[in-house]
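Q: Here is a sequence with its predicted model. Questions after.
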Amino acid sequence: MLSLKDVSKLIGKKDLFREVSLHVHSGNRIGLIGPNGAGKSTLFGIILGAIEPDSGSVARAGTVRVGWLSQEMIPARGKSVIERAVDVCEEAGPLRAQLEQVQNDIHREKDPRLLTDLAAQHAVLFEKLEHLVGYNLEARAQKVLAGLGFAPHQFTMAAAALSGGMAMRLELARLLLAEPDLLLLDEPTNHLDLESLLWLEDYLLGCSSALVLISHDRAFLNRTVSRIVEIEAGMLQEYAGNYDFYLEEKARRMEIRMATYKNQQERIRQLERFIDKNRCNKKTASQAQSRIKALEKIEKVEAVVSSSEIHFGFPPCVRSGKKVIELVNVGKSYEGVTVYSGIDLLVTRGDKIALMGPNGAGKSTLLKILAGAVEPDSGDILTGVHTSMGYYAQHQWEQLNPEATVYEEALSVSGDMVQSRLRSLLGSFLFYGDDVFKKISVLSGGEKARLVLCKLLLQRPNFLLLDEPTNHLDIASRVMLEKALAQFDGTICFISHDRQFINAVANRILVVKSGAVHTFSGNYDDYEQTWKSRLENPVQGQTPKQEGNGAKSQPGQKRAQAQWRNELFRAKKPIQDLIDRIEQDLDLCHAELESLRERLADMETYRQGKLAVEVQSQYRQTQSRIDELTGQWESKMLELEQIEEDFRKERQRRDICAQGVPA
């Protein structure tokens, strides 16, 4: 499918690659990793032909369709979101026109031999169009857009009006709908919330395209790839497994390499000692000479050198009061849409809270309210004693002065810190030597993110509010930030879609959903394993507010719960039975579609006059039936969910009445 052989690329005075090779075959799922600046995006450019290698060759099968998601894109003009999404292939329009022309010719043609040729031509065009976009493209587009966080009312809005993050999601949707033979994804999760990220994982796992993925999200790599290629010291190192396998295998390789290096160094010292002792002795000079030749022939193993990474820790901060901040009956609306109404939240010293929830639920708004960057429309914000805040926003680097240098920007918040200490701190964030005199305007996204984190450190807050702090940080930098935040002796509220980061830092999870906030003890794994199903389906267990307090139900409560479950089962059964029958019909239709697809692939079909046209017609009818059944299934599932919601509300009303409170 794709082959890079002995490719080298020089950028300025730096060798990005030296005679590297890479082979991508059908079905491969490759994670491309390495520190920022190692050349991952440049390698993509070479694969795409946008960048010429200095030496070596790139070979790609002529029929291979490559789809690429860049970190930069040009906003679409003059099209709605759905129109932009379905505009996935320039070849689709001409193909449809050809197909319609051949269909018209088939209806008019009487000569059996010409009819057979037309049927064969029709089949080829049909299969090609089906491969490119399919006949149910708009329905698929709506599902993909919904999975990536678009609400139905956004489908018809102007694509040019989307924010940068949503515009990137739209381009990702177009790429997925095009179903290329090879997908090249450069940091696809940067602009996704956690729910959209999980949806993308599942989509990629079911996708037939070969995949080469640049990502710093370790959990995402673990689920989506089966091979890791690391760019390190100008070379490509391959590992036949996911990211966890890579960590284990790399540690093993480094251990072997270090042992080999030590053994070789000891052998070299022995040879050098022998040479020094015997080169001037006539009796042993010949032996010394042979040792010199042996020494010259040794292919030296290089020592293991650790790659650059951030090294920092938050300094001890002023101890805040037990209550850090409290929201009381807070409400907030935007353009007539209520985001929050009457929410209460208490953040106490030592809390490390991860804010989670679907796109548009209000996570960033809540963080801004806590940070004082946004004023609520109602309610009170009570800040505790000695609380000092440090706020890191997703696009905070836009507030950096583009004409200032790195050093000047850090100096603006460093107070009375001496120059040598400030330069040392900047060095810990990988701004070495003359790098501190770089203008902000020429920094990469990762460099700007590191500078903003450095400025945050200089302010010495005891309450950190972080909105996606890991975006644009490579894996090594994320790990270092995790360690620093885990050891931070203050309080943290943060938003992140990096599950491994959440696991390493959080001790509480706050889920923002439908204008309400629900808090749970533990990290992401605790929430996923214990609380998520209870939040989404409260009938199955304790309500979220109980947070696992272990309270036991009284016998009367157990009987009431059992009666309630029986009533719910009886109400759901007719709909559930219908759903089961629809699913059986769908299975039969999919089997029929596969059989028809095999007949269309058989040349014998096209030797029997109008048979090919009939099979094509059956194929379209079956596909239409599948779409119809899928619509019915979705409708019945919504009915089922509504029954569960109605019963949940009725149960709450009964509980209130049982406590003697008017419903």
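A: Thanks, I have the structure now.
Q: following the helix or strand of the chain with the lowest mean pLDDT, which helix or strand shows up next?
A: Every helix and strand of the chain was ranked by mean pLDDT, DSSP states H and E. The lowest is helix 532-536, at a mean of 70. Reading on from helix 532-536 to the C-terminus, the next helix or strand found by DSSP states H and E is helix 555-601.
Q: so what does that following helix touch, helix or strand wise?
A: Where contact means 3 or more CB pairs under 8 Å, 6 or more residues apart in numbering; DSSP states H and E, helix 555-601 is packed against helix 112-132, helix 611-658. The C-beta positions use only the backbone N, C-alpha and C, and glycine is treated the same way.
Q: one more time with 7 Å
A: helix 611-658 (3 or more CB pairs under 7 Å, 6 or more residues apart in numbering; DSSP states H and E).
Q: ok, residue 575 - contacts?
A: 636, 639, 640, 643 (CB atoms under 7 Å, 6 or more residues apart in numbering).
Q: For stretch 164-174, list every residue counted as buried.
A: For stretch 164-174, the buried set under the neighbour-count rule, 16 or more other CB atoms under 10 Å, comprises 165, 166, 167, 168, 169, 170, 171, 172, 173, 174.
Q: May I have that stretch exported as PDB, CA atoms only?
A: Output of stretch 164-174 as PDB, limited to C-alpha atoms (Å, rounded to 0.1, in the frame of the first residue of the first chain):
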ATOM      1  CA  GLY A 164     -12.000  26.400  15.200                       C
ATOM      2  CA  GLY A 165     -12.500  23.300  17.300                       C
ATOM      3  CA  MET A 166     -15.900  22.500  15.700                       C
ATOM      4  CA  ALA A 167     -14.500  23.200  12.200                       C
ATOM      5  CA  MET A 168     -11.800  20.600  12.900                       C
ATOM      6  CA  ARG A 169     -14.500  18.100  13.900                       C
ATOM      7  CA  LEU A 170     -16.300  18.800  10.700                       C
ATOM      8  CA  GLU A 171     -13.200  18.100   8.600                       C
ATOM      9  CA  LEU A 172     -12.700  14.900  10.600                       C
ATOM     10  CA  ALA A 173     -16.300  13.900   9.800                       C
ATOM     11  CA  ARG A 174     -15.700  14.400   6.100                       C
END
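Q: Now do that stretch: everything it contacts.
A: With CB under 7 Å, 6+ apart as the test, stretch 164-174 has contacts from 69, 73, 75, 81, 84-85, 88, 141, 144-145, 148-149, 159, 162, 188, 191-192.
Q: and these, which of them are in strands?
A: Counting by DSSP state E, those place residue 69 in strands.
Q: hmm, which of the contacts of stretch 164-174 are the buried ones?
A: Buried among the contacts of stretch 164-174 (16+ other CB under 10 Å): 69, 81, 84-85, 88, 141, 144-145, 148-149, 159, 162, 188, 191-192.
Q: Flag the least confident of those residues.
A: Confidence by pLDDT is poorest for residue 88 among the buried ones among the contacts of stretch 164-174, given 71.
Q: distance of it from residue 414?
A: 50 Å (CB to CB, to the nearest Å).
Q: Ok, residue 220 next?
A: For residue 220, the distance to residue 414 - CB to CB - is 36 Å.
Q: Including neighbour count and pLDDT, could the contacts of residue 575 go into CSV?
A: Shown next, in CSV, are the contacts of residue 575 (neighbours: other CB atoms under 10 Å; pLDDT from 0 to 100):
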residue, neighbour count, pLDDT
636, 16, 83
639, 15, 83
640, 16, 77
643, 16, 83
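Q: And the furthest pair within those residues?
A: The most widely separated members of the contacts of residue 575 are 636 and 643, with 10.6 Å between them, by CB to CB.
Q: my read: residue 409 touches residue 440, true?
A: Yes. Between residue 409 and residue 440 there is a contact under CB atoms under 7 Å: 6.3 Å.
Q: Name the residues contacting each of those two.
A: In contact with both residue 409 and residue 440: 400, 401, using CB under 7 Å, 6+ apart.
Q: So for the two, which sits in the more crowded spot?
A: residue 409 (22 against 18; other CB atoms under 10 Å).
Q: Figure out the helix or strand that that one lives in.
A: Going by DSSP H and E, residue 409 is part of helix 406-411.
Q: who's in contact with residue 331?
A: 340, 341, 342, 376, 377, 378, 379.
Q: give me the number of residues near the third one?
A: I take that to be residue 342. Using other CB under 10 Å: residue 342 sits among 12 other residues.
Q: now the fifth one
A: Here the count is done by other CB under 10 Å, and residue 377 has 14 residues near it.
Q: Backbone dihedrals for the most centrally placed residue in the chain, both of them.
A: The centre of the chain sits closest to residue 189, judged by CA atoms, centre = their mean, with a distance of 2.7 Å. Main-chain torsions, residue 189, degrees, to the nearest 10: phi -90, psi 0.
Q: isn't it right up against residue 218?
A: No. At 11.1 Å, residue 189 does not count as touching residue 218 under the criterion of CB under 7 Å.
Q: Among residue 220 and residue 414, which residue is more densely surrounded?
A: Neighbours were counted for residue 220 and for residue 414 using other CB under 10 Å; residue 220 has more, 25 against 19.
Q: Residue 201 is in contact with the more buried one, correct?
A: Yes. If you go by CB under 7 Å, residue 220 and residue 201 touch, sitting 6.4 Å apart.
Q: Low-confidence ranges, the stretch 551-663 of the chain, go.
A: The stretch 551-663 of the chain contains residues with pLDDT under 70 at 551-562, 565, 609, 652, 654-663.
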